[in-house]
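**Q** The following comprises the amino acid sequence and a computationally predicted model.
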Amino acid sequence: MTRTPSARPAALLAALLLATFASRLAAGLAPGGFAWGLDFARWVPPPVAWALFALWAGALGLALVERGPRPAEAMDAPRPPGAAAGAAGNLSRAWPWLLGGALLALLALLPDRVRFVGDFVLRLGVLDEGWFRRLFPQALPLDVWLNHALPGRVATLLSTEPLAVMRALGLLEAALLVTLAVRFSRVVAAGPAAAAAVAAVLAFGGYATLLTGYGKPTPQLALCTLAAGTLGVELVRNARAAIPFAAAVSLGLALHRGALPLLLVWAAAAALAWRRPGAGRARLWPLLAPALVFAWEAPRLLHVIRSFDVGVNFLPPEVRQQGGALAAAFAPLRLMDAANAVLLHAPLAPLALLAPLRARRSPEALFLCALLVAFVPVLLFVYLPLGPYRDYDSLGPAGAAFAVASAWALARALAGARRARGLALAAAVSVVVPFLLLLVSLTDLERGFARAEALLEGPPRRHATHRASVLDWMGLRALNEERYDLARASYRRLSEETPLPRAFKLWGAAALIADAPREAGVAFERLLERVPGDAVGWYGLWLAAAAAGDSATAARASAHALRWGSGSREMRDVVEFFEHYPRLYGVLRGVLESGTAPGP
């Protein structure tokens, strides 16, 4: 018997879309940082925010007032064969190109200028490969080559900036993202409207905003996860796509240890494809590739986990202070942050809950359950030292997993909905608007500083380590933009809250460049109280005292600095510090014009 459209899927989907709209609107109006993954309307120009919300409200209104056909009308209404088929064919051919063109144009025209996420600023400022390896010893060889060595060499060859090369690579990855989204939509969705909505859910996830020059493997891991999820459904459904599925999992494992959850995804897909009645098992041999890659990478991954992750990402002091990993995982703030991260990357993530409800009857749903379960430990047990609102790139793969499951569930809901076309449009707008709000917010550095300040002020009150990461970003980003008063204020505040040697050094450097030598002297004195033998501290103290006219302190600091020869390790540290902040050479020249003293 032919299945007729039902009102229940339409009602449930409409309720979710309305809740998504209301939550984003409320988050955009609420103060504090509880909804940091939803509140990007606060950090874009108000006319842009209100225009996008008006568009969103209009799409929802059209979906709610659209009249769905009665069952008899849906089955018996005459359809002119020529015109209807031609229009549907044109739409089916056109929408993937429009979708891809829109995403690539947005990413090209609206690059991330805030660079608040993760290690964006840090990786962008490290050009030397040896220094990169010292700064990121946990990076796997493919990560070093793809995200550091390759952009640097291509930039040198083309006489351009590495950032331009990384942005070009991001656009290539975005094109691959659209290709996967379109392929998946044509597998699971019926009709061009539903297919376009399903593809939009995948293409306009929050992880796509990372494809604007962010030289870290986390956006690529999100892409590998999305590829494994979409191609895994295809593999389970018809035992095809074994080669690209295996390639996605293998590439993820070779890039970063964050891809380890894909091993569960790989095992589930392989088992379900093997058990599928009538499966051509001879075509499944490529599924051995991820096992071989994992065997090759396992010793290195185990070393990184033991030497780095245990003390930084699994059981750092902050987690032990909360009573251990289990207590920290289910703390209310941790659960709230996990929800923020998932909804940032996958606005329709609640739809993913449909997969567990159908897991008993559908191998595809069972596979998607494995995809979701694989990343739950990442959301709960991986501690993010920069704070979840800065390290949301690390949760991009988990968000991609929820995006795949929610896109599959959307296709199922639209297949049984009476107002399918209107709901498809509303669903697409419900992911595109949050994507645009996030992307536009990343172009405005001034509002980026305001957002960072709001996260610091709270509520909620964040842990000292997470607050330090925000202050460190503010200071470093201000230094990059030559806003030295803001930089010294940020590092002064960081030194007071978290007295780390690096904070005192950067406070002193920013104060020197901002022509505040007495303040710089205070910073370097406090550094030397904690690290008496720090070469940068003594050299900075001499420079600050000489610039301030404090001859006694300058003589004392100079006596320490003169003990180190030009080829010593201490002087190499000083030279390296000056090369990171070359404006210090201008301060040095001004001091040297009025006397003599050691120089790097």
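**A** Good, I have the coordinates. All values reported here derive from a predicted model rather than from experimental measurement.
**Q** who are the neighbours in contact with residue 306?
**A** With contact set as Cβ atoms under 8 Å, 6 or more residues apart in numbering, residue 306 has no partners. Yep, even glycine has a C-beta here, placed from its N, CA and C like the rest.
**Q** Look up phi and psi at the nearest residue to residue 242 once chain neighbours are set aside.
**A** Computed as Cβ to Cβ, 6 or more residues apart in numbering, the closest residue to residue 242 that is not its neighbour in sequence is residue 286, at 4.7 Å. Main-chain dihedrals, residue 286, degrees, to the nearest 10: phi -60, psi -20.
**Q** can you count the residues close to residue 286?
**A** Residue 286 has 15 neighbouring residues, counting by other Cβ atoms under 10 Å.
**Q** roughly how far apart are it and residue 248?
**A** 11 Å (Cβ to Cβ, to the nearest Å).
**Q** what does residue 404 give?
**A** Counting by Cβ to Cβ - residue 404 and residue 248 are separated by 12 Å.
**Q** Settle it for me: which of the two has more neighbours?
**A** A side-by-side neighbour count of residue 404 and residue 248, using other Cβ under 10 Å, places residue 404 first with 32 against 27.
**Q** can you pull the contacts of the closest residue to that one other than its chain neighbours?
**A** In this structure, residue 404 finds its nearest non-sequential neighbour in residue 229, 3.4 Å apart by Cβ to Cβ, 6+ apart. Neighbour list for residue 229: 265, 368, 371, 400, 401, 404, 405 [criterion: Cβ under 8 Å, 6+ apart].
**Q** And the pLDDT at the third one?
**A** It stands for residue 371. You'll see residue 371 listed with a pLDDT of 97.
**Q** do the fifth one as well
**A** Residue 401 carries a pLDDT value of 98.
**Q** and stretch 122-140, how far from the chain's centre?
**A** 19 Å (Cα atoms, centre = their mean, to the nearest Å).
**Q** how long is that stretch end to end?
**A** 17 Å (Cα to Cα, to the nearest Å).
**Q** Show the average pLDDT along that stretch.
**A** Average pLDDT, stretch 122-140: 76.
**Q** Equivalent analysis for stretch 298-318, please.
**A** Confidence for stretch 298-318, expressed as mean pLDDT, is 94.
**Q** now do stretch 19-31
**A** The model assigns stretch 19-31 a mean pLDDT of 96.
**Q** Name the residues of it that come out as buried.
**A** 20, 21, 24, 25, 27, 28 (16 or more other Cβ atoms under 10 Å).
**Q** ok, now stretch 341-356?
**A** Those would be 341-352, 354-355, for stretch 341-356 by 16+ other Cβ under 10 Å.
**Q** before we move on, what about stretch 548-561?
**A** Quick answer for stretch 548-561 (16+ other Cβ under 10 Å): 548, 550, 553, 554, 557, 558, 560, 561.
**Q** Now stretch 424-438: buried residues?
**A** 424-438.
**Q** Now it: average pLDDT?
**A** For stretch 424-438, the per-residue pLDDT averages 98.
**Q** repeat for stretch 340-353
**A** With pLDDT averaged residue by residue, stretch 340-353 scores 96.
**Q** For this protein, name the helix or strand with the lowest mean pLDDT.
**A** Counting by mean pLDDT, DSSP states H and E, the chain has its least confident helix or strand at helix 71-76, which shows a mean of 38.
**Q** so what's the residue nearest the centre of the chain up against?
**A** In the chain, the residue lying closest to the centroid (Cα atoms, centre = their mean) is residue 393, at 2.2 Å. Neighbouring residues of residue 393 by Cβ under 8 Å, 6+ apart: 117, 118, 207, 210, 214, 216, 218, 219.
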